[in-house]
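**Q** turn this into a model:
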Amino acid sequence: MKEIVIISGKGGTGKTSITASFAVLGDKDVVIADCDVDAADMHILLQPENAKSEDFYSGELAIIDQEICTQCGKCFDVCRFDAIDVKNGIHTVNELSCEGCGYCARVCPVDAITNIPLNVGKWHIANTRIHQPFVHAKLGIGADNSGKLVAQVKNVAKEIAEEYNRPYVLVDGSPGVGCPVVSSLSGAHFVVLVTEPTVSGLHDLKRVYELVNKFHIPAGCIINKSDLNSNKTNEIKEFLISEKIIHLADLPYDEAFTVAMTDCKTVVEFDDTKLKQILTETWNNIKELIK
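**A** Alright, predicted model coming up:
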């Protein structure tokens with residue numbers, strides 16, 4: 001089983017649309033994992049029917065039992081996250097600020113403070129409209145630990161792939177270079193970088209590849225809307241050559257992308273488009289590269 005991760009240095013490059021297209025082309029060979037848990041949206045294109053949902057607990061939250069608390073203020077004195085609010089002499093925990101470190105509970109002289117597991121989101125196992133296993137999740141509003149939720153999604157997807165003998169796990173990673181991206185890259189066999197010919201597209205491609213390179217994972221790049229700025233496209237190609245990144249494909253600007261999204265479909269489900277031909281060839285090339 002091989003794990004293919006699709007990421008981008010910035011949002012809006014077409015990463016998720018391309019991943020969903022690969023999912024359709026992969027058909028019964030793939031298990032899909034949407035690891036963009038902060039802003040998951042692949043379900044819009046794949047329209048899954050959830051078969052199983054579970055709460056995800058990560059980290060802890062301090063709770064003060066007001067019936068026991070003597071309002072001594074020691075928790076306020078030691079908290080380095082300004083998570084203890086005091087109003088009218090009553091100490092309470094600000095849930096958004098609390099990091100669950102447990103220091104306040106340790107110093108409380110009357111054991112009025114306990115730490116409880118924190119529900120930070122939900123993860124789901126589903127079947128897409130084309131009957132593929134699809135693991136996805138949604139991080140709670142203001143919740144932390146997105147990296148751990150990404151790891152959960154990936155682990156479940158890999159278990160399903162092994163159980164049903166699927167050769168590929170296709171991962172839609174988060175944009176950027178933060179913790180969820182690091183978690184998405186862990187254990188990957190091949191990374192597809194999606195970029196666009198803009199100043200920010202090239203800048204963020206360089207940032208995210210620096211991260212990928214630290215993991216020593218082979219990588220290829222797709223330049224989306226490559227015909228909109230030929231100068232920037234050439235700069236990107238020069239960067240790919242300098243870093244020995246495989247140039248997978250140039251996707252021209254095509255309104256079929258927008259038409260497909262409006263219809264809640266992928267562009268490869270539309271016949272006789274240049275994008276379908278290029279993406280099909282690219283998917284076949286990726287499979288050959290990771291053999």
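**Q** residue 108 and residue 171: what is the separation?
**A** According to Cβ to Cβ, to the nearest Å, residue 108 stands 43 Å off from residue 171. Any C-beta I mention is one placed from the backbone N, CA and C, and that applies to glycine too.
**Q** nope, residue 101 is what I was after
**A** Remark: distance between residue 101 and residue 171 (Cβ to Cβ) = 31 Å.
**Q** one step back: and residue 108 and residue 171? which has more neighbours close in?
**A** More crowded of residue 108 and residue 171, by other Cβ atoms under 10 Å: residue 171, with 29 against 21.
**Q** beta-bridge partners for the more buried one, please?
**A** Listed beta-bridge partners, residue 171: residue 5, residue 33 (assigned using DSSP bridges).
**Q** isn't it up against residue 6?
**A** Yes - contact criterion Cβ atoms under 8 Å: residue 171 and residue 6 qualify, at 6.8 Å.
**Q** common neighbours of the two, please.
**A** residue 19 (Cβ atoms under 8 Å, 6 or more residues apart in numbering).
**Q** where along the chain do the strands fall?
**A** With DSSP state E as the criterion, the chain has strands at 2-7, 30-34, 49-64, 84-87, 90-93, 113-127, 133-139, 168-172, 190-195, 219-224, 246-251.
**Q** poorly predicted segments of the protein, please.
**A** Applying pLDDT under 70 to the chain flags no residue at all.
**Q** what comes up buried for the top helix by length along it?
**A** Counting by DSSP state H, the longest helix found in the chain is helix 146-163. Under the neighbour-count criterion of 16 or more other Cβ atoms under 10 Å, helix 146-163 has 146-154, 156-158, 160-161 buried.
**Q** swap in stretch 67-79?
**A** By 16+ other Cβ under 10 Å, the buried positions in stretch 67-79 come out as 69, 74-75, 79.
**Q** which one among these gets closest to residue 16?
**A** Relative to residue 16, the closest of the buried residues of stretch 67-79 is residue 79; by Cβ to Cβ it sits at 39.2 Å.
**Q** skip the chain neighbours and tell me the closest residue to the closest one.
**A** Closest residue in space to residue 79, ignoring its immediate chain neighbours: residue 104 at 5.8 Å, by Cβ to Cβ, 6 or more residues apart in numbering.
**Q** how many residues are close by that neighbour?
**A** By other Cβ under 10 Å, 24 other residues sit near residue 104.
**Q** could you measure from it over to residue 68?
**A** Distance from residue 104 to residue 68, by Cβ to Cβ: 13 Å.
**Q** could you do residue 199 as well?
**A** Between residue 199 and residue 68 the computed distance is 58 Å (Cβ to Cβ).
**Q** check residue 147 too.
**A** From residue 147 to residue 68 the distance is 35 Å (Cβ to Cβ).
**Q** now residue 112
**A** When distance is defined by Cβ to Cβ, residue 112 is 4 Å away from residue 68.
**Q** can you tell me what sits against stretch 226-246?
**A** Residues beyond stretch 226-246 that count as contacts (Cβ under 8 Å, 6+ apart) turn out to be 193, 195-199, 201-202, 205-206, 209, 213, 218-221, 223, 247, 250-253, 289.
**Q** same question for that stretch: list its buried residues.
**A** Buried-residue list, stretch 226-246, by 16+ other Cβ under 10 Å: 226, 229, 232-233, 236-237, 239-240, 245.
**Q** nearest to residue 167 among those?
**A** Nearest to residue 167 among those, counting by Cβ to Cβ, is residue 245 at 24.0 Å.
**Q** look up phi and psi at residue 270.
**A** With angles defined as degrees, to the nearest 10, residue 270 sits at phi -100, psi 130.
**Q** I'd say it and residue 276 touch.
**A** Yes - between residue 270 and residue 276 there is a contact under Cβ under 8 Å: 6.4 Å.
**Q** who has more neighbours, these two?
**A** residue 276 (21 against 16).
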